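Visitor: Let's see this in three dimensions:
(chains A and B)
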Amino acid sequence: MISERAQITLNRQIGRDIWQLRLQAPQIAAAACAGQFVMLQCGTGLDPFLKRPLGINQICAPHGVITCVYRVVGRGTGLLSDLAVGSEITVLGPCGQPWPQPKEAKAVIIGGGMGIAPLLPLAEDLAARGNTEIYLGANTSDELFALVDFAKCGSLRVATLDGTAGVKGFVTDLLPADLSGMEIFSCGPMPMMKAVAALAAQQNITCWLSLEEHMGCGIGTCMGCVRPIKENDQIFYKRVCREGPVFNALEVVFDA
Amino acid sequence: MPNLAVNLAGLALKNPVLTASGTFGFGREYAEFYDLSLLGGVVVKGTTLEKKQGNPPPRIAESVGGLLNSVGLQNPGVEAVIATELPFLRQYDTAKIVNIAGATVDQYRAVAEKISASGLADALEVNISCPNVKAGGMAFGTDPVAAGEITRAVRAVTRLPIFLKLSPNVTDIVPIAKACEAEGADGISLINTISGLVIDLENRRPFFANKVAGMSGPALKPVALRFVWQASRAVKIPVIGLGGIMTGQDALEFMLAGATAVQIGSANFYDPVSGPRIVQEMEQWLQEHKVADVRELIGALAE
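Guide: Residues are numbered from 1 along each chain as shown, chains lettered A, B, ... in the order given. Just a heads-up that it's a prediction; the model follows:
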């Protein structure tokens, strides 16, 4: 784990309340794996006090660069969007467990809303291997991003609730009826991941979910980001920042 | 080079900077960022007799100049702490202080006995001020009689130095500090978090399941300084000061107010290398102000 002063090289709006942030953070870029996240300082002083967790959307180790995509939802992300190119912020990372390597021949990537962001490095890692199906969904076309990058990594299908891009409906409507021989990697809103987990359980296939939670420290000491996780028929509070954010779908408790 | 070493109730600290319980786990995570031997000591997560699940999420909310937490002492229990956590700290040349908590006097006594017998701790910090648990915790730390009773019980089962960690959620800290001293405490740590309420306006209800949570961070510093100042003038045993320390200058202010050592809490969340940075900043300030020994500042507030 690294704490690094990183220079902002790009911070621009790319959709409805959606921003792309590029950071010169060579040590973190060198260490980061697909599925991990960073903790970002959103101001330049003591306010806001806590860093914000953002999934890593692109890792370019040779150039020492990482890219994150974030939605402006509150004060912290609002202040982050105000930061100019050239500003320096403190970044911790890479945090959390990466996506595991798929064991099945076919990988199925299912992303919804901002959950699309941490799936791109996985899609890129799997591109050389081939045989990846990618399904992305959002409320509307203005909330979709990185489609060109995903399209390079496998077969891509898109759904929006309002029909402004791809098929009108939920991303789960796009999935093939028979998922046998596939392994799912998914990130998105909890209702979407719950539906994905249910499909995977029905068809008895492996499914990995990346969870989101408010965080204090991002490194495992504050115990603030826990979620109930099943283990040997018992439920424990596990840290999304340390044991997660990626969990086996069978372990995730949705109705806690 | 100015001297930073202090003697905390017989415990030789290379510098006055300790970490605050509940912000530092058992040290493993921060050891990825720096050598823990740079610290005067490490105070580990509150340890209870049995494994504790803690409170349901959400557990963290940001506030201006800090945060509130409602963790509720989640920890693996004293046996697991002895078996898997404390041995990790052995490799570091730093004081190992185990924070202990319980719901009853017997539980405090049992945890203190087990930690002492393990030989893995240099001191105990007795948490009688956690605002986030239903039984015990703060109930003991807000009543001089109960505080004295816990102190006596723990004193009877350990030869390790014991520091009672006190709550700021009281009208007068003096009788509580004096009760701990009278029953054999080697020192007191203060302040723990201040009780606060966060409101979820949209849903018109408290943000935390437990309703009230514990506030920490730099917003608390003047309150914490006042408590340290009042308590240190009332007792002869050393005081460990904490509450919103972000810089070396903050730490020195606590020492002037009467603290022999300080603890770094929420600052660890703001900057994971806060501990060693604060040590360095203290040293630099002393050097710039031609103070040869940090001990000169302890309780030296001009009045």
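
Visitor: okay, CA-based contacts and neighbour counts for the rest of this
Guide: Fine.

Visitor: Check whether the residue of chain B positioned farthest from its centre sits in a helix, strand or coil.
Guide: Computed with CA atoms, centre = their mean, the residue of chain B farthest from its C-alpha average is B:Glu202, at 35.0 Å. Following DSSP: H, G, I helix; E, B strand; the rest coil, the label given to B:Glu202 is coil.

Visitor: contacting residues for the residue of the stretch 201-303 of chain B found nearest chain A?
Guide: Nearest residue of the stretch 201-303 of chain B to chain A: B:Phe269, at 4.7 Å (CA to the nearest CA). For B:Phe269, the contacting residues are A:50, A:216-217, A:222, B:23, by CA atoms under 8 Å, 6 or more residues apart in numbering or on different chains.

Visitor: most neighbours, which of these?
Guide: Counting neighbours by other CA atoms under 10 Å in any protein chain shown, A:Gly216 comes out on top of those with 30 neighbours.

Visitor: how about the helices of the stretch 101-250 of chain A, start to end?
Guide: Applying DSSP state H, counting those that start in this stretch to the stretch 101-250 of chain A gives helices spanning A:120-127, A:147-151, A:190-202.

Visitor: ranking the ones you listed by burial, who's on top?
Guide: Stretch with highest mean neighbour count among these: helix A:120-127 (a mean of 20; mean count of other CA atoms under 10 Å in any protein chain shown).

Visitor: residues making contact with that one?
Guide: When contacts are defined by CA under 8 Å, 6+ apart, helix A:120-127 is touched by residues A:33-35, A:56-59, A:99, A:109, A:132, A:146, A:149-150, A:152-154.

Visitor: one more time with 7 Å, if that's ok
Guide: Here helix A:120-127 makes contact (CA atoms under 7 Å, 6 or more residues apart in numbering or on different chains) with A:34-35, A:57-59, A:150, A:153-154.

Visitor: repeat for stretch B:227-243
Guide: For stretch B:227-243, contacts defined as CA under 7 Å, 6+ apart pick out B:8-9, B:173-174, B:177-178, B:181, B:186-191, B:216-217, B:220-221, B:224, B:254, B:257-264.

Visitor: among the residues you listed, which ones are buried?
Guide: Buried subset of those (neighbour count, 16 or more other CA atoms under 10 Å in any protein chain shown): B:8-9, B:173-174, B:177-178, B:181, B:186-191, B:216-217, B:220-221, B:224, B:254, B:257-264.

Visitor: dump the residue contacts of the residue lying closest to A:Thr206 once chain neighbours are set aside.
Guide: Using CA to CA, 6 or more residues apart in numbering or on different chains and skipping residues adjacent in sequence, the residue nearest A:Thr206 is A:Glu183, 5.2 Å away. Applying CA under 7 Å, 6+ apart to A:Glu183 gives the contacts A:102, A:104, A:106-108, A:205-207.

Visitor: Most proximal residue of the stretch 51-200 of chain A with respect to chain B?
Guide: A:Lys51 (7.1 Å).

Visitor: For that residue, report the pLDDT, please.
Guide: We have a pLDDT of 97 for A:Lys51.

Visitor: okay, now it: neighbour count?
Guide: A:Lys51 is flanked by 25 other residues according to other CA under 10 Å.

Visitor: pretty sure it is in contact with A:Met39, am I right?
Guide: Yes: judged on CA atoms under 7 Å, A:Lys51 makes contact with A:Met39 at a distance of 5.4 Å.

Visitor: coming back round to it: which of the contacts of stretch B:227-243 fall within helices?
Guide: Within the contacts of stretch B:227-243, residues falling in helices by DSSP state H are B:174, B:177-178, B:181, B:221, B:224, B:254, B:257.

Visitor: Can you lay out those residues as CSV showing pLDDT and distance to B:Lys236?
Guide: Formatted as CSV, the ones in helices among the contacts of stretch B:227-243 follow (pLDDT from 0 to 100; distance: CA to CA, whole Å):
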residue, pLDDT, distance to B:Lys236
B:Val174, 97, 12
B:Ala177, 98, 10
B:Lys178, 98, 9
B:Glu181, 98, 8
B:Lys221, 98, 23
B:Ala224, 98, 19
B:Phe254, 98, 16
B:Ala257, 98, 14
